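Asker: Generate coordinates for the sequence data below:
(chains A and B)
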2 protein chains.
Amino acid sequence: MPTPASAPQSSPVLHSRPVAYAVRADFFRPSPVRAVFDISMREGMISLAGGNPDLGVLPLDELGAVAGRLIAEHGLEVLQYGTGAGLEPLREAVCEVMSTAGIRAVPGDILITSGSQMGLELVTSLLCDPGDVVLVEAPTYVGAIGTFQGLEADIVHVACDDDGLIPAELERTIAEVRAQGRTIKLLYTIPNFNNPSGITLHPDRRPVVAELCRNAGIALVEDDPYGLLDFWDTPLQAIRSFDESVIYLGSMSKIFSPGIRIGWVLAPRDVRDRLQLAAEATTICPSVLSQHLANIYLREFDWRGYMNRAIDRYHERAQRLDAALAAHLPESVRWTRPHGGFFVWLTLPEGLSAEALLPRGIEEGVVFVPGTAFFGDGSGDGNLRLSFSLESPDRIEEGVRRLARVVTAALEI
Amino acid sequence: MPTPASAPQSSPVLHSRPVAYAVRADFFRPSPVRAVFDISMREGMISLAGGNPDLGVLPLDELGAVAGRLIAEHGLEVLQYGTGAGLEPLREAVCEVMSTAGIRAVPGDILITSGSQMGLELVTSLLCDPGDVVLVEAPTYVGAIGTFQGLEADIVHVACDDDGLIPAELERTIAEVRAQGRTIKLLYTIPNFNNPSGITLHPDRRPVVAELCRNAGIALVEDDPYGLLDFWDTPLQAIRSFDESVIYLGSMSKIFSPGIRIGWVLAPRDVRDRLQLAAEATTICPSVLSQHLANIYLREFDWRGYMNRAIDRYHERAQRLDAALAAHLPESVRWTRPHGGFFVWLTLPEGLSAEALLPRGIEEGVVFVPGTAFFGDGSGDGNLRLSFSLESPDRIEEGVRRLARVVTAALEI
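Answerer: Numbers count the residues shown, from 1 in each chain, chains lettered A, B, ... in the order given. Down below sits the predicted model:
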């Protein structure tokens, strides 16, 4: 058999030369969240930046035993190629998960993906030609901006208030963009505990938003990773629950594990079938081992019980964050008060720049994500995102103290 | 906490409506290999169609124990988000894997992907605008055709003989395509035990092919999932070993497990860095659990020993397939005699159609993939691909007997 080549190579190695990239190559941008990821790891740093779930509630020993048995007893299956659609029992299980949000779906409507980010990438790829417009909330998920930009779609923000997307603004924006002769292909919304704003789209607005999209022939993409993480225990009905045109993105990342990379798309059959072809051309199939682990977790574990324990932690941290902001920040600072999810959206006093504050925050030992990350048009520098999902309440409070010193100092200049 | 909604919904559910797809939506095509996948599962069917590795050699109990410990002891890490580049120790380990092919690389040159199909998708996306030409072997990997078509690249085949790509034909094709005013962005080659032909690019031709690409400013993409699966135990030196411009795609699928979906791209630093941004916009990161499992397999298991046992099986099956074809097929049928990999490429007698033979083969209880799957231009119907990777020698022989009946009957009509 081959052994590592140890002898020096006889022919000279040619070095690389300039590459002729595609036009779209310039649209792949570094994620501002990723940029602060390394900084977050520094000794003593308090991170209010990342969106990592708290996995401390998981029954790791039992999950380890399951993974061990899956490979030892069913290795020929779970280590082999799987189907492009994803494991049928898992597709069935995620239908049950979605039933909490009032969604009725069957496994044939579902495509399992390697994380729900991939679902969004596939959907955008299927619907948007370069130059097509996607409407998004102001602000919206940084990863969605990256996907839309990478596929050369034009991002247009729709104004939101404390009840989410403002229907009149949506209507006005649709008319305005169309008057410019541009084609709007989809509305991307995170109706529950929006990342980064924490805001939830009011139930009364949901049918209105859906109808505006239907009438305008715009696909509505409902991204719902946080919907179940509700401190108030009031199941939020998905837009998809009353409109089967909606393309719904689901995720195991916040209710179980992001590291296994399992999400799903629920879409009208023709869309779903085309998405599967695109998915097969990208990853052939999602990790079969991950799919089996997710399936067993949803079927044989008290996953809602573990999730509830995590929600209790998030709730406590959100409360502490809110109290700390009230106690330490200048009165001119405002922030959202989400009843679920991972994030609070902070509005700085007039004239302050979040990007300018970030290096000073890092010096003080606290990191956050400047608001510009969540806009496709460079705006948002008067805002920043704070995460309460992973740090302890005490560290959150200390992080806010550090942030307060930075903000106060900036105001005094 | 939310419980599944059981009461009937008060508002009527709106049904889906037509969707305005992107232009590229029509370029996502069903894979002909996937199409025969379901048929392969039928009772009594002998499949010479799929490209599944034989996992029967793997130490499943030990692997299960590793996976169990990974989750039980390191669950907070392996179930959490990972880095976009991939686990550093795994990037180091795949450098060691590639050293057998004479490649010198460092972890910073590597991007771990959710399977090497994803690597190809990212590379194509980064390099090819719609209408750009990609050069490929005749025939080439069906999944690559799907990726290129999905990204609206134009596929142009370059003629091959028993020693792979014919340099003079490559030169002629480059000139011809350019004379048409078209832009060639990349040459995609599977130099070792090509899927589907089984043919290996002769070592003497490798520098010539690389130089032709360099001089023409065409990126060379070397896809090498089968290179280590060599019956002759003669390490094949990768094109990347002497040309650092080459973009090299590696995979764990054939040397360990396809179900964990782990592959990698080795590319010049600027290309690699841009690929990582595109990868993050697609999947955020590859499965962290899968990466740890692959890393431990490469570091703590005798993976070359297990691979050698699999190679012995493949070798025996390839020999039996060759002997059975010689014994049972009409003399006018020709086929390749690979010394590695998974596939044999069969050329039918003049006038026979592989697509027409397939339904008759299924009636007889044998499936294969018609040659048209491996061309972007509809040609190849005089060929078919036979896989020897998974069925037992006796079943391979019986499959060939069934195929022989179908071919013989078709010749008699």
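Asker: what about the helices in chain A?
Answerer: Applying DSSP state H to chain A gives helices spanning A:32-40, A:60-78, A:88-99, A:116-127, A:142-150, A:167-179, A:205-216, A:269-283, A:288-300, A:303-328, A:354-364, A:393-412.
Asker: averaging pLDDT over each of these, which comes out lowest?
Answerer: Mean pLDDT across these is lowest at helix A:32-40; the value there is a mean of 75.
Asker: And chain B, is it touching that?
Answerer: Yes. Against chain B, helix A:32-40 shows contacts by CB under 8 Å from any CB of the partner chain at A:34, A:37. From N, CA and C alone the C-beta is placed, and that goes for glycine too.
Asker: Can you tell me which helices and strands that helix packs against?
Answerer: Judged by 3 or more CB pairs under 8 Å, 6 or more residues apart in numbering or on different chains; DSSP states H and E, the packing partners of helix A:32-40 are helix A:142-150, strand A:366-367, strand A:369-370.
Asker: other SSEs contacting the longest one?
Answerer: In this case it means helix A:142-150. For helix A:142-150, the helices and strands in contact under the criterion 3+ CB pairs under 8 Å, 6+ apart are helix A:32-40, helix A:116-127, strand A:133-137, strand A:154-158, helix B:269-283.
Asker: rerun that using 7 Å as the cut-off
Answerer: If you count contacts as 3 or more CB pairs under 7 Å, 6 or more residues apart in numbering or on different chains; DSSP states H and E, helix A:142-150 packs onto helix A:116-127, helix B:269-283.
Asker: The residue lying closest to residue A:258 once chain neighbours are set aside: neighbouring residues, count only.
Answerer: Excluding its sequence neighbours, the residue lying closest to residue A:258 (CB to CB, 6 or more residues apart in numbering or on different chains) is residue B:81, at 4.6 Å. Look at residue B:81: counted by other CB atoms under 10 Å in any protein chain shown, it has 19 neighbours.
Asker: do the one 3 residues further on as well
Answerer: If you count neighbours by other CB under 10 Å, residue B:84 ends up with 22.
Asker: Would you quantify the distance from residue A:386 to residue A:362?
Answerer: Residue A:386 sits 15 Å away from residue A:362, going by CB to CB, to the nearest Å.
Asker: gap between residue A:279 and chain B?
Answerer: According to CB to the nearest CB, to the nearest Å, residue A:279 and chain B sit 9 Å apart.
Asker: got it, and residue A:199?
Answerer: Here the criterion is CB to the nearest CB. By it, residue A:199 lies 19 Å from chain B.
Asker: Now for that residue: which residues touch it?
Answerer: Residues in contact with residue A:199 (CB atoms under 7 Å, 6 or more residues apart in numbering or on different chains) are A:160, A:162, A:164, A:336, A:338.
Asker: now the first one, nearest residue through space, not along the chain?
Answerer: Spelled out, it's residue A:160. Nearest in space to residue A:160, with sequence neighbours left out and distances taken as CB to CB, 6+ apart, is residue A:137 at 5.3 Å.
Asker: Beta-bridge partners for that neighbour, please?
Answerer: Counting by DSSP bridges, residue A:137 forms beta bridges with residue A:158.
Asker: quick one, what contacts it?
Answerer: Taking CB under 7 Å, 6+ apart, we find residue A:137 in contact with A:158, A:160, A:165, A:189-190, A:194.
Asker: Then residue A:295?
Answerer: A:87, A:89-90, A:93.
Asker: Same check on residue A:127?
Answerer: Contacts of residue A:127 were listed using CB under 7 Å, 6+ apart, and they are A:185-186, A:219, B:21-22.
Asker: out of everything not next to it in sequence, what's closest to it?
Answerer: Counting by CB to CB, 6+ apart, the residue nearest residue A:127 is residue A:185, at 4.9 Å.
Asker: Isn't residue A:100 up against residue A:228?
Answerer: Yes. Residue A:100 lies in contact with residue A:228 (CB atoms under 7 Å); the separation is 6.4 Å.
Asker: more crowded one of those two?
Answerer: Legend: neighbour count by other CB under 10 Å for residue A:100 and residue A:228, higher for residue A:228 (25 against 20).
Asker: what's the spacing between the residue nearest to the more buried one when sequence neighbours are not counted and chain B?
Answerer: Spatial nearest neighbour of residue A:228, excluding adjacent residues (CB to CB, 6+ apart): residue A:255 at 5.8 Å. Between residue A:255 and chain B the computed distance is 11 Å (CB to the nearest CB).
Asker: Same question for residue A:120.
Answerer: Counting by CB to the nearest CB, the gap from residue A:120 to chain B is 9 Å.
Asker: surely that residue meets residue A:147?
Answerer: Yes. Residue A:120 is in contact with residue A:147 according to CB under 7 Å; the separation is 5.4 Å.
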